[in-house]
Each structure stands twice: as C-alpha cells, then as structure tokens.
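**Student:** Sequence plus predicted model, see below.
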There are 2 protein chains.
Amino acid sequence: MPPRGYRKHDFPVSQIRRFLEPGPVVLVSSAWKGETNIMTMGWHMVMEFTPSLVACVIAESNHSFALVRRSRECVINVPTVDLVDAVVGIGNCSGRDVDKFARFGLTAQPAAKVAAPLVAECYANLECRLHDASLIRRYNVFIWEVVKAHAPRTPKYPPTLHYRGHGVFMLSGRSVSFRRKFKRQNL
Amino acid sequence: MPPRGYRKHDFPVSQIRRFLEPGPVVLVSSAWKGETNIMTMGWHMVMEFTPSLVACVIAESNHSFALVRRSRECVINVPTVDLVDAVVGIGNCSGRDVDKFARFGLTAQPAAKVAAPLVAECYANLECRLHDASLIRRYNVFIWEVVKAHAPRTPKYPPTLHYRGHGVFMLSGRSVSFRRKFKRQNL
C-alpha cells in the first residue's frame, strides 16, 4: 500500500470538527523511547474550538496506552474507506507483537510539534498534546489539545469509516448543506 | 409531522454504541419543574459498556444546560435523516422563546426511568442519569449513565445525520460487515 497522493496543508486547529464530529473511526499513532505504535479508536469527542480540545478513550489494555501516557502526545489520523483492511487489521493485533507500520505498509512521517509520527496515508493528521490527565485513571479518558493539523484541500470531505461494533462499519455518505436554514451566529 | 411508526422495544444499554459510536447528531430532551426542552447536540462519546456511560458537551449558553444540570437527567434521542428540518430548526432557536415540541410537531412521550420526555419520532431513545458532574464546571462535559434504551428491531441501522459544521451534514451511508477479519474477543 504506497503512500496516498494527498498534498496536505496546514489546517486550522479550531476547525478540526469538520473531520471528527461526524464520528469516524481514527488511527492513533504514538511514540515513546524509539518505539512507535498505532491503534484503531472509535470513542472520541470534540470538546472545544479554542483551545482545540478533543477527548478520547484509550483502554489500559491497549499497548498504546503506556506510549501515549508516558509521552503525553499522540497523532489522531483520519483514515479513508480504502484503508479499511489496515483499520481492521490494526485493531486486531497488538503492538506488543507487531510493528504495525511495517505489517500494514504504512508510512511513519515526522510530525511538526510532537514526537509521535503521522500516518502519511491517512487523509488528515492531528498532532495532539495532553491537555488534561485527570480522567485517565478513572475512565481511561485523555483530553488532548490539537496543536497542529494537516489535511488536503481536496476532497473537502473525506469518505470515512464509522464503527457500529460487532465488526460492522457504516460508510460515510454524501454531504449536504443546510446553511440557509441556520442563523448566522450558528455557522 | 406525525409520529413515526417505529415499534420500539427495550434495547440493551450495553450495546448503544451501535447508534452513538458512528457519530450522529442527536436531540437531547430534558425537563425541570414542568418545563421541557430539546437541543441539537453533536459532541458526544461512548465511554464504557457496563455501566453504559456516554459523555457529551452541553454549553452553558444553551437553555437546556440549566434543565439537565438541575434535573440531573436527560434523554438522548437519535433522529433520522427525514427529521433534518426539525434537527436544524431546534438548533437554531432557543427554549427561552419557543416550546420546541409544539413548534416542530414532535411528541413528548413519557420515559420509563427519568422525568425527561422521549422524542417519539426519533429512531432510538436513551434515558440517561447523570453519573459524574465533576467536569461540568470546567468543560461543560456531562457524563451520563444510560439506564434504559428504546429502539425498533427494524431497520437495524438508522439513516442518520452527522454534522460537519458551517451548516453541512454528512448523511450516513450503507453498513458493511468485516466480521470475518476480527478476532473473536474483539467482536
């Protein structure tokens, strides 16, 4: 699987809801002491525009848990539908046993502001620093600040995978504007 | 807009990820001292299967904020695509000025375990009690326990609306099983 041809640009961190709020499954990449890993993750939520905050659940049973907790960093990568085999495969093996970048033919690309690598093949890459660790122990919830975002200008909206459990994904459909029915201050 | 013909049944609260994890915009209904309200909400996240925990952001500027905080209850309703006019309309007016059930022709149906009403026309209704109030002040984040869920047996997967910001919704597409690629313990 060669790197996808996306030409990515800086994307405003205050607008990353465009990619996360519709609820796609994402790939979380991490690094700690020379080791890297990737996990598939579906439990996340936009929390604030500025600072750009995102919460997510990373269970302690995941190999990535220690990497993100110790490094206090990660990259949230938004994969598109064509990456479904990697998305499913990454969620069904452990970084304890496997170098997932190598196994799934993915490219670890250096990030700008964090040590965790970008997954180059993904549509968007959100570099994150830990903003609040207070919910990790009780709920495995990490509250991240997105400090840098990369996305292509086209397509404007990526075709994404949305997990329903039990091995079933919903595929994203078309995007429709209802802009004229919104009050200006809500746009 | 007459009530939809869904014949709803008890749905296991531990499996409500089926409806929320794909990331649909939802309607949050609430009640306090004889007043009811509905708001449109897109920032939510499944947190745990058992107890069935869901986090969401309800900004203090919403009229619903006081109702849910005081009553410590709400119903998370999952609307389908045909309700888009109500979803947009509800998000663009305030319960301070409008009875939203009346304005949008929606039916307030009694819930089983909470005082907040179900929105009958929605596909699924999740009755919630406040599980953890500790993040409300800092982040406007409510952590709910789903104590009762109602959903029809068919269709198995509802056609839903997923918000991207700026008045644009992504419509859910088809659901595809990759079950045979999953390890048993991950299903």
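**Tutor:** Yep, it's here. Residues are numbered from 1 along each chain as shown, chains lettered A, B, ... in the order given.
**Student:** if we look at the helix or strand that contains A:V75, which residues are touching it?
**Tutor:** Assigned by DSSP states H and E, A:V75 belongs to strand A:73-78. Contact with strand A:73-78 is made by A:19-20, A:24, A:26-31, A:38, A:41, A:44, A:54, A:56, A:64, A:68, A:111, A:114-119, A:122-130, A:142, A:144, A:146, A:158, A:160, as judged by Cβ atoms under 8 Å, 6 or more residues apart in numbering or on different chains. C-beta here means a position set from N, CA and C on the backbone, and glycine is covered the same way.
**Student:** That one pairs with which strands?
**Tutor:** If you go by DSSP bridges, strand A:73-78 pairs up with strand A:26-32 (antiparallel), strand A:124-132 (antiparallel).
**Student:** For the buried ones among the contacts of strand A:73-78, write the corresponding PyMOL selection.
**Tutor:** A single PyMOL command selects the buried members of those (16 or more other Cβ atoms under 10 Å in any protein chain shown):
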select buried, chain A and resi 19+20+24+26+27+28+29+30+31+38+41+44+54+56+64+68+111+114+115+116+117+118+119+122+123+124+125+126+127+128+129+130+142+144+146+158+160
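**Student:** Residue of chain A closest to chain B, please.
**Tutor:** Nearest residue of chain A to chain B, counting by Cβ to the nearest Cβ: A:G23, 1.3 Å away.
**Student:** Can you tell me which residue is spatially central in chain A?
**Tutor:** With distances taken as Cα atoms, centre = their mean, the residue of chain A nearest its centroid is A:I76 (2.5 Å).
**Student:** which non-adjacent residue is nearest that residue?
**Tutor:** The spatially closest residue to A:I76, leaving aside those adjacent along the chain, is A:L126, at 4.3 Å (Cβ to Cβ, 6 or more residues apart in numbering or on different chains).
**Student:** A:M45 contacts B:V46, doesn't it?
**Tutor:** No: counting by Cβ atoms under 8 Å, A:M45 does not reach B:V46; the two are 9.1 Å apart.
**Student:** Looking at those two, which one has more neighbours?
**Tutor:** When neighbours are counted by other Cβ atoms under 10 Å in any protein chain shown, A:M45 comes out ahead of the other of A:M45 and B:V46, with 26 against 22.
**Student:** Could you pull up the mean pLDDT of the strand or helix carrying that one?
**Tutor:** For A:M45, the host element (DSSP H and E) is strand A:44-48. The average pLDDT within strand A:44-48 is 98.
**Student:** Lovely, talk soon.
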